[in-house]
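**Q** Provide a 3D model corresponding to the input given below.
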Amino acid sequence: MESMPPSAAPAAGESLTFTKNQKIIIALLVFLQFTIILDFMILSPLGAILMPALSITAGQFGTVVSAYAISAALSGFLTAGFADKFDRKKLLLFFYAGFILGTLFCGLAPNYHMLLAARIVTGLFGGVIGSIVLAITTDLFPMQQRGRVMGLLQTSFAASQILGLPAGLYLSNHLGWHAPFLMIVAASLIAGVFIWIHMQPITGHLELQTDKKAFTHLMHTVQTPKYVLAFAATAILSIGGFMLMPFSSAFTVHNLGIDLDKLPMIYLVTGFASILIGPLVGRISDAIGSFNTFIFGSVVSIVMVLIYTHLGVTPMPMVMLINSVMFVGIFSRMIPSQTLMSAIPATASRGSFMSVSASLQQLAGGLGAIFAGAIVVQETSGAISHYETIGYVMTALSLLALVFMYFINRMVKQTTAAETA
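**A** Purely as a prediction, here's the structure:
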């Protein structure tokens, strides 16, 4: 198969219609992202089952969640220097194979400590994959298409809610908490085979390399001023989501009064809403501008998070509605922020930039999960106390992220204007 250079995508202003080859690439990346996101997300709804099954506290569960994130952060930094030195397809398959093995270890873990170790292994490999996917996306799609691509990639998030989480919860309720991880292994093997067969090599960036040593390449990346601003924004954006997610299932069951066996239905409805929201937000982002979409998403997120974290016993239809609207806000921040971030790195340092960015995202998220575990307390009844405090923290972080994204948007506009001139 021939190498696929960055120029394989249509040039800006040439064509905004996806080619057949681009559609194949998007489908493969969405399938892969589905397994990666599901592996991380499955821990949240399993929290209500895992904590009593392993006799662990909310703080220990937060540690399990953060172990993946922190090991992923370490792996990303170690990989960053080499990220632009190899064919992106080979790099993707190498780390995906390690991710599959780590997830298999999770499915075989007999106790808390083995599960913790397995999550560390999974994070070492899985945490890098998202950055490789973003580098591939940026290599192959121009800025005018990228919002839609990011929106389509987010359908993997929705698919994990519609297909993965309900199936995982069903399996865990009937076969034990190990079963969902084994399900992910089976799906990941299918995704890996399809990528190995159908994705062409992506090597156009190799011709632009000037740094001979990996450490030098990494240092050049982390010392670039405009990259530093993007890294800081990435960290701020990541902390909040990791604070809210780990305890959402326990909060839904014990605080909102939703039966555990009805939890899959909430994820199912929210997932269907998300699969409509993602592509729509991507199109809007391309049409009205990423930063304008980000402002809208920030306002919706702040309002809905404050409402959600203050809820008491709530009827199930209302919980579904609130969750769905909250994901409108989340996607309206996530998709445009990724689109803007993708415009910052130069082609020669794109893989390194994405790896460092992913590391900071995972590290910040891991710290967020630990902070959340320190804030909330699970009472003897199972109820989660001080969840509203997390809502206040997330509001402050959202406002701070809005400031960072304002300056990033200005920087992207200046860069685009200079390239046009």
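
**Q** Which pLDDT value does the model give the closest residue to Ile25 other than its chain neighbours?
**A** Of all residues not flanking Ile25 in the chain, Leu140 sits nearest, at 6.1 Å (C-beta to C-beta, 6 or more residues apart in numbering). Bear in mind the C-beta positions are built from the backbone N, C-alpha and C, glycine included. We have a pLDDT of 80 for Leu140.

**Q** wait, Leu140 sits on Ile26?
**A** No. In terms of C-beta atoms under 8 Å, Leu140 does not count as a neighbour of Ile26; the distance is 9.2 Å.

**Q** Which residue of these two possesses the greater neighbour count?
**A** Leu140 (25 against 20; other C-beta atoms under 10 Å).

**Q** Longest helix in this structure, please.
**A** The longest helix of the chain (DSSP state H) is helix 387-420.

**Q** Now find how far off-centre that one is within its chain.
**A** 17 Å (C-alpha atoms, centre = their mean, to the nearest Å).

**Q** Give the other helices and strands that that helix contacts.
**A** helix 225-244, helix 290-309, helix 316-342, helix 350-375 (3 or more C-beta pairs under 8 Å, 6 or more residues apart in numbering; DSSP states H and E).

**Q** Need the winner for burial among these.
**A** helix 350-375 (a mean of 25; mean count of other C-beta atoms under 10 Å).

**Q** Hey, what's the angle from that helix to helix 387-420? Just curious.
**A** For helix 350-375 against helix 387-420, the angle by axes from the mean of the first three to the mean of the last three C-alpha atoms, to 10 degrees is 170 degrees.

**Q** from the chain's centre, how far out does helix 350-375 sit?
**A** So, by C-alpha atoms, centre = their mean, the centroid of helix 350-375 is 10 Å from its chain's centroid.

**Q** Next: stretch 371-389.
**A** 24 Å.

**Q** ok, back up a step: taking helix 225-244 as reference, get the angle to the longest helix of the chain.
**A** Using the same axes, to 10 degrees: helix 387-420 against helix 225-244 is 150 degrees.

**Q** hang on, the earlier thing: got the phi and psi for the residue nearest to Ile25?
**A** phi -100, psi -10 (degrees, to the nearest 10).

**Q** Please apply the same query to Gln154.
**A** Dihedral pair for Gln154: phi -70, psi -10, per degrees, to the nearest 10.

**Q** Over to Ser385?
**A** phi -100, psi 150.

**Q** Run a quick neighbour tally on it.
**A** Counted with other C-beta under 10 Å, Ser385 comes out at 13.

**Q** Quick check: phi and psi at Asp87.
**A** phi -50, psi 130.

**Q** wait, isn't it in contact with Gly204?
**A** No. Using C-beta under 8 Å, Asp87 makes no contact with Gly204, being 10.0 Å away.

**Q** what stretches of the stretch 251-400 of the chain score poorly on pLDDT?
**A** Within the stretch 251-400 of the chain, no stretch has pLDDT under 70.

**Q** again, only this time at 90
**A** Where the stretch 251-400 of the chain drops to pLDDT under 90, the residues are 251-290, 309, 311-314, 319-320, 323-388, 390-391.

**Q** Quick check: which of the helices and strands packed on helix 387-420 is nearest to Val253?
**A** Closest to Val253 of those is helix 316-342 (C-beta to C-beta; 11.0 Å).

**Q** For the closest one, name the packing helices and strands.
**A** helix 112-140, helix 143-153, helix 225-244, helix 263-288, helix 290-309, helix 387-420.

**Q** Can you show me the CA trace of the fifth one as PDB?
**A** Which is helix 290-309. Provided in PDB are the C-alpha atoms of helix 290-309 (Å, rounded to 0.1, in the frame of the first residue of the first chain):
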ATOM      1  CA  SER A 290     -15.300  26.900  17.000                       C
ATOM      2  CA  PHE A 291     -14.900  29.500  19.600                       C
ATOM      3  CA  ASN A 292     -18.600  30.700  19.300                       C
ATOM      4  CA  THR A 293     -19.700  27.100  19.700                       C
ATOM      5  CA  PHE A 294     -17.300  26.700  22.700                       C
ATOM      6  CA  ILE A 295     -18.900  29.800  24.500                       C
ATOM      7  CA  PHE A 296     -22.400  28.200  24.000                       C
ATOM      8  CA  GLY A 297     -21.200  24.900  25.300                       C
ATOM      9  CA  SER A 298     -19.600  26.500  28.400                       C
ATOM     10  CA  VAL A 299     -22.800  28.300  29.400                       C
ATOM     11  CA  VAL A 300     -24.900  25.200  29.000                       C
ATOM     12  CA  SER A 301     -22.400  23.000  30.800                       C
ATOM     13  CA  ILE A 302     -22.200  25.400  33.800                       C
ATOM     14  CA  VAL A 303     -26.000  25.700  34.200                       C
ATOM     15  CA  MET A 304     -26.600  21.900  33.800                       C
ATOM     16  CA  VAL A 305     -23.700  20.800  36.100                       C
ATOM     17  CA  LEU A 306     -25.000  23.100  38.800                       C
ATOM     18  CA  ILE A 307     -28.500  21.700  38.500                       C
ATOM     19  CA  TYR A 308     -27.300  18.100  38.300                       C
ATOM     20  CA  THR A 309     -25.000  18.200  41.300                       C
END
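
**Q** Fine, thanks again, bye for now.
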